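1. Mind looking at a prediction? Sequence and model below.
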Amino acid sequence: MTRSFRISEDAFNALVEDAAKEKVSVNTLVNQLFLGYSEFDRFFRGVGMIKASPITIGRLLAAASDEEAAKIGSEDGSDIPETIMMAKEGQITLPGVIRYLDTMADYSGVFENNVVISGGRTTITLMHRFGMKGSLFLKGFVTALLKSVNVSPTIVMAEHSVTIELPSDGRAMSWAAREDTAP
């Protein structure tokens, strides 16, 4: 679909500069920015989410006790994601939870994720730079998030990752099928 927009010269110059740094076209960069808005910013703004640097997040987690980091993760995983999923999809499902984690990985800067589907099992690894406090936070977050869809995963923490193995009941597979058919 072709559309045209009027933007300030300063904004355009910033786009050209950043596109060159990322070795993509200005069109690709603008499309990525629009996707960031349509998939993330417009929903998260509604729940009052702020953008913070990973350094700030790391410092906040470092100041918390292990118990507090896990508790905050659990609290964050039990309310905000449900609100976002309902706004985006109108329901809360396991495939929606996996898409939510993908969206967070793509746009929040808090973690990167990798999903592996093999032998009917779905394994999700969240990689981050916040040490064990970050792993405690993410374990609490993911545990609460999956509780909303009645899933009790196996979770293994490491210094910079949290690996989630989902039960092989087929529900996660419908996420993979939807992803394969996405435009």
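-> Yep, that arrived.
2. going forward, measure contacts between C-alpha atoms and count neighbours the same way
-> Noted.
3. pLDDT averaged over stretch 145-154 - what is it?
-> Confidence over stretch 145-154 (mean pLDDT, whole number) is 92.
4. Could you list the buried residues of it?
-> 145, 146, 148, 151, 152, 153 (16 or more other Cα atoms under 10 Å).
5. ok, and the closest non-adjacent residue to the first one?
-> This means residue 145. Of all residues beyond its chain neighbours, the one nearest residue 145 is residue 77 (4.8 Å), with distances taken as Cα to Cα, 6 or more residues apart in numbering.
6. What of the last one?
-> By the measure of Cα to Cα, 6+ apart, the closest residue to residue 153 outside its immediate chain neighbours is residue 166, 5.0 Å from it.
7. So what does that neighbour have for phi and psi?
-> Dihedral pair for residue 166: phi -90, psi 150, per degrees, to the nearest 10.
8. Let me see the backbone angles for residue 92.
-> According to degrees, to the nearest 10, residue 92 has phi -120, psi 110.
9. Who are the contact partners of it?
-> 82, 85, 86, 148, 149 (Cα atoms under 8 Å, 6 or more residues apart in numbering).
10. next one: residue 121
-> Each residue near residue 121 by Cα under 8 Å, 6+ apart is listed here: 165, 166, 167, 168.
11. most surrounded residue in these?
-> residue 166 (22 neighbours; other Cα atoms under 10 Å).
12. mind giving me the domain ranges of this protein?
-> 10-46, 54-180 (automatic domain parsing).
13. Can you pull out the low-pLDDT segments for this protein?
-> Flagging of the chain using pLDDT under 70 yields the residue ranges 169-183.
14. Strands of the chain, start to end?
-> For the chain, applying DSSP state E gives strands covering 112-118, 121-127, 154-158, 161-166.
15. quick one: strands adjacent to the first one?
-> Note on strand 112-118: by DSSP bridges, its sheet partners are strand 121-127 (antiparallel).
16. which residue sits farthest out from the middle of the protein?
-> residue 9 (32.4 Å; Cα atoms, centre = their mean).
17. how close does it get to residue 95?
-> Going from residue 9 to residue 95 by Cα to Cα, to the nearest Å gives 42 Å.
18. and for the longest helix seen in the chain, what are the contacting residues?
-> In the chain, assigned by DSSP state H, the helix with the most residues is helix 66-89. Contacts to helix 66-89, defined as Cα under 8 Å, 6+ apart, come from residues 43-44, 47, 61, 91-92, 96-97, 100, 133-134, 136-145, 148.
19. Looking at those, which are in helices?
-> Checking those against DSSP H, those in helices are 43-44, 61, 96-97, 100, 133-134, 136-145.
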